[in-house]
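# here is a sequence together with a model predicted from it:
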Amino acid sequence: MTTILPWIQIVLSGILIVLILVQQSNAGAGGTFGGGDGSGIQYTRRGAEKVLFNATVVTAIFFVLAAFAALFF
């Protein structure tokens, strides 16, 4: 278990990086620095964007669990 756990973490981190970079960002520079466009429109994820978001969350949870497992094994 101690020999495969670092490889699992490396693979999960690579997948997590790709999933984060593939996601589309609707926030411009103003939103990044605390400003807004003033539209006040609620944004919901749909379709492939929702699948990517959920996959990112699940992969992040698995990565955290693998990190905690590395502490105990």
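Everything's here; your move. The shown structure was predicted, so the numbers you read here are calculated from the model rather than taken from an experiment.

# okay, CA-based contacts and neighbour counts for the rest of this
Fine.

# list the helices and strands the helix or strand in which Ile10 is found packs on?
Element membership for Ile10 (DSSP states H and E) is helix 5-22. Counting contacts by 3 or more CA pairs under 8 Å, 6 or more residues apart in numbering; DSSP states H and E, helix 5-22 is packed against helix 48-72.

# next, the buried residues of the helix it packs on.
For helix 48-72, a neighbour-count test (16 or more other CA atoms under 10 Å) marks Leu52, Phe53, Ala55, Thr56, Thr59, Ala60, Phe62, Phe63, Ala66 as buried.

# what's the average pLDDT for it?
Computed over helix 48-72, the mean pLDDT rounds to 96.

# residues in contact with it?
Helix 48-72 has contacts (CA atoms under 8 Å, 6 or more residues apart in numbering) with 2, 5-6, 8-9, 12-13, 15-16, 19-20, 23-24.

# next, the angle from that helix to helix 5-22.
Orientation of helix 48-72 against helix 5-22 (axes from the mean of the first three to the mean of the last three CA atoms, to 10 degrees) gives an angle of 160 degrees.

# center of the chain, which residue is that?
Note on the chain: the residue nearest the mean C-alpha position is Thr56, at 3.8 Å, using CA atoms, centre = their mean.

# measure that one to Phe73 for me?
To Phe73, Thr56 is 25 Å away according to CA to CA, to the nearest Å.

# same check, this time on Val57
Relative to Phe73, and taking CA to CA, Val57 is found at 24 Å.

# cool, thanks, signing off.
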